[in-house]
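The sequence and its predicted three-dimensional model are supplied below.
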Amino acid sequence: MRYPVVLHTDDHQHYGVTVPDIPGCFSAGDSIDEALEQVELAIAGHLEILAEDNAPIPEAGKVSEHQKNPEYEGGIWAFVDIDITPYLGKAERINITLPHRVLHRIDEMVKHNPAYRSRSGFLQEAAMDKIRQTE
């Protein structure tokens with residue numbers, strides 16, 4: 001999932017980072033790059049705690065919505081890609097049936113987009129996108 005994050009600095013040397021979609025999740029660093037590396041760890045830590053508590057994993061919001069919040073005024077926006085799969089629970093093997101042409105198109109998507117990693121990864125993302133649309 002691509003979480004938007006906002007960086008703030010007073011001296012252009014040290015940066016604080018806030019993750020608007022994960023309450024209480026923030027980090028810092030002595031450069032933009034270090035701050036972004038540190039916030040990845042902070043997000044992973046928060047998601048791990050949420051998973052242990054069986055709490056829902058927060059969805060990533062839109063930067064355009066977060067920019068309306070005066071707390072983030074003047075911040076530098078970035079995205080942090082986090083694989084949320086480990087926080088969704090234990091994987092379960094299932095048996096599904098798909099038409100050949102659909103399966104072929106899935107395989108082509110996976111082949112040309114390594115972000116999916118596998119058929120299962122593609123089907124998981126497609127299912128999660130559909131679930132998000134109905135919530």
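Arrived safely, thanks for sending.

By mean pLDDT, flag the weakest helix or strand of this protein.
Ranking every helix and strand in the chain by mean pLDDT, DSSP states H and E puts helix 119-134 at the bottom, with a mean of 87.

other SSEs contacting it?
When contacts are defined as 3 or more C-beta pairs under 8 Å, 6 or more residues apart in numbering; DSSP states H and E, helix 119-134 sits against helix 100-112. All C-beta atoms are positioned from the backbone trio N, CA, C, and that covers glycine.

Mind splitting the chain into its structural domains?
1-89, 91-135 (automatic domain parsing).

Excluding covalently adjacent residues, which one is nearest to residue 79?
Once flanking residues are discounted, residue 79 sits nearest to residue 2: 4.6 Å by C-beta to C-beta, 6 or more residues apart in numbering.

For that neighbour, give the beta-bridge partners.
residue 81 (DSSP bridges).

count of residues packed around it?
9 (other C-beta atoms under 10 Å).

is it true that it touches residue 83?
No - the criterion here is C-beta atoms under 8 Å, and residue 2 misses it with residue 83 at 10.9 Å.

contacting residues around stretch 59-67?
Residues from elsewhere that reach stretch 59-67 (C-beta atoms under 8 Å, 6 or more residues apart in numbering): 1, 2, 3, 4, 6, 20, 21, 72, 77, 132.

can you tell me which two in those are farthest apart?
72 and 132 (23.0 Å; C-beta to C-beta).

residue contacts, the residue nearest to residue 79?
Residues counted as contacts of residue 2 (C-beta under 8 Å, 6+ apart) are 60, 79, 80, 81, 82.

With residue 64 as the reference, measure out to it.
14 Å (C-beta to C-beta, to the nearest Å).

Next: residue 99.
38 Å.

any idea of the mean pLDDT in the longest helix anywhere in the chain?
The single longest helix within the chain, with elements called by DSSP state H, is helix 32-52. Per-region confidence: helix 32-52 scores 96 on mean pLDDT.
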